[in-house]
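Peer 1: No sequence on hand, only this structure:
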């Protein structure tokens, strides 16, 4: 008998909201978290705007012991731990405090593209200066690729699989699919899934050098990230983390947990960097296959999809993404699903983008609203030829939703698509 899988907890550290309540309020009201970054200007970046979560010392102390924060300088771990524990507590699950045994039925898949880049920089300077003995004892735990899953596994006493995935911008969506597959196979009852990323100049410099970030909106940060817009000129870099508790339906019902949504199915694949695919560009055939396979596994008809929560980075590839959705679903014009792109408010949070955007998608499905697509007033003509203006709302819409499709596409020509359904007993 097939195991049904649901989402029972949410956590987020986003540029426009630290924690789910603040994030929800910002998303509903179309509040941007993009700000002018004087550090980027001082370093002569072309793009001088960015999105990072605003975290106070008091907030850190809700999730870390004072001793853990001594010499601490890893944003990826900071954001990931805060979002992960928020999701775990939201699901009504206990922390490790006083645990005598690991929770053998629970694990974590929490991805990242980097960990502790600023800590690495500190360490490199000290090593080069011959100060190895002054590094301290926490450099490794802040900078190894699996730091975030190790931190969460310890704080939650998780005894099932504890691992970190990394697949560029698909990392967050992929982590949820990995958790979904593990639960469906019967190897775990619940998994904490999500992703995180460092921010700052040492992470974003390479993208600025590639000229994929906007440089035309430094004087108007909140209008800088413009997915699906004719005047889009590149993405705005961001940072943060998103987290979701993924659980078998039987376990959720036994615990009396709040069920946000059901994961009906999904798919991950790659275009092999063939055809129009490359290290930086998706192979459209692979994108369309990924979407079709996700729909097939979910057991739905393409016409049942109410909303597409797109990858949509505010680059020249946005029109291609919409065309791929149209061809994969065989829908266009008034028949096309609603579309929204969270990057208009938070920028492109790289390896954290998929999980942060999934949190917004789940909130929309659970509460019945469509957040506004700010900064897309001047719809790109190639997109307008496929999707009517009213299907890309500029204002908040209250609407009962049944099915949301979420996709992420990443460097390396990798793709992930997840189909979320409103939970029905």
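Peer 2: Yep, it's here. Given the structure is predicted, the values throughout are model-derived calculations rather than measurements.

Peer 1: From here on, just use CA atoms for contacts and neighbour counts.
Peer 2: Will do.

Peer 1: So residue 190 sits against residue 104, correct?
Peer 2: No: if you go by Cα atoms under 8 Å, residue 190 and residue 104 don't touch, sitting 10.0 Å apart.

Peer 1: Which helix or strand contains residue 267?
Peer 2: strand 261-270 (DSSP states H and E).

Peer 1: for residue 354, same thing?
Peer 2: Assigned by DSSP H and E, residue 354 falls in helix 353-367.

Peer 1: next one: residue 405
Peer 2: strand 403-410.

Peer 1: Confirm residue 194 sits in a helix?
Peer 2: No: the assignment for residue 194 (DSSP: H, G, I helix; E, B strand; the rest coil) gives strand, which keeps it out of a helix.

Peer 1: Please name the residues that touch it.
Peer 2: 84, 109-111, 172-173, 175-176, 241-244, 352, 355 (Cα atoms under 8 Å, 6 or more residues apart in numbering).

Peer 1: low-scoring stretches of the protein, by residue?
Peer 2: The chain contains residues with pLDDT under 70 at 1.

Peer 1: ok, residue 339 to residue 165 distance?
Peer 2: From residue 339 over to residue 165 the distance is 28 Å, taken as Cα to Cα, to the nearest Å.

Peer 1: typo on my end, residue 3
Peer 2: From residue 3 to residue 165 the distance is 23 Å (Cα to Cα).

Peer 1: These two: which has the busier surroundings?
Peer 2: Taking neighbours as other Cα atoms under 10 Å, residue 3 and residue 165 compare with residue 165 leading, 22 against 15.

Peer 1: The nearest residue to that one once chain neighbours are set aside in helix, strand or coil?
Peer 2: Once flanking residues are discounted, residue 165 sits nearest to residue 111: 4.4 Å by Cα to Cα, 6 or more residues apart in numbering. Following three-state DSSP, residue 111 is assigned to strand.

Peer 1: Tell me how many other residues crowd residue 111.
Peer 2: Quick note: residue 111 (other Cα under 10 Å) scores 36 neighbours.

Peer 1: hey, what's it bridged with?
Peer 2: residue 195 (DSSP bridges).

Peer 1: what residues are up against it?
Peer 2: Contacts of residue 111 by Cα under 8 Å, 6+ apart are 148-149, 164-166, 171-172, 175, 194-196, 351-352.

Peer 1: Now restrict these to buried residues only.
Peer 2: Taking 16 or more other Cα atoms under 10 Å as the criterion, what is buried in these is 148-149, 164-166, 171-172, 175, 194-196, 351-352.

Peer 1: picking that back up, tell me which other helices or strands the strand holding residue 405 touches.
Peer 2: Packing partners of strand 403-410 (3 or more Cα pairs under 8 Å, 6 or more residues apart in numbering; DSSP states H and E): strand 307-309, helix 353-367, strand 414-421.

Peer 1: winner for burial among those?
Peer 2: Of the helices and strands packed on strand 403-410, the one with the most neighbours on average (mean count of other Cα atoms under 10 Å) is strand 414-421, at a mean of 28.

Peer 1: Taking helix 353-367 as reference, get the angle to it.
Peer 2: Counting by axes from the mean of the first three to the mean of the last three Cα atoms, to 10 degrees, strand 414-421 lies at 10 degrees to helix 353-367.

Peer 1: chain center to strand 414-421, what's the gap?
Peer 2: Computed by Cα atoms, centre = their mean, to the nearest Å, the chain-centroid distance of strand 414-421 equals 12 Å.

Peer 1: Go ahead and name everything in contact with it.
Peer 2: Contacts for strand 414-421 (Cα under 8 Å, 6+ apart): 167, 170, 173-174, 177, 261-271, 282, 286-287, 290-291, 294-295, 298, 362, 365, 402-409.

Peer 1: strands paired with that strand, and their directions?
Peer 2: strand 261-270 (antiparallel), strand 403-410 (antiparallel).

Peer 1: circling back: present the helices and strands packed on strand 403-410 as TSV; the columns should include distance to residue 202.
Peer 2: Listed next are the helices and strands packed on strand 403-410 as TSV, based on distance: least, Cα to Cα, whole Å:
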stretch	distance to residue 202
strand 307-309	29
helix 353-367	18
strand 414-421	24
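
Peer 1: who touches the most far-flung residue of the chain relative to its centre in this structure?
Peer 2: For the chain, the largest distance from the centre (Cα atoms, centre = their mean) belongs to residue 130, which lies 39.1 Å off. For residue 130, no contacting residues are found, by Cα under 8 Å, 6+ apart.

Peer 1: Next, it: secondary structure please.
Peer 2: From three-state DSSP, the assignment for residue 130 is coil.

Peer 1: ok, now how distant is it from residue 70?
Peer 2: Counting by Cα to Cα - residue 130 and residue 70 are separated by 22 Å.

Peer 1: and if you look at residue 124?
Peer 2: Taking Cα to Cα, one finds residue 124 at 19 Å from residue 70.

Peer 1: what about those two, which has more around it?
Peer 2: residue 124 (15 against 10).
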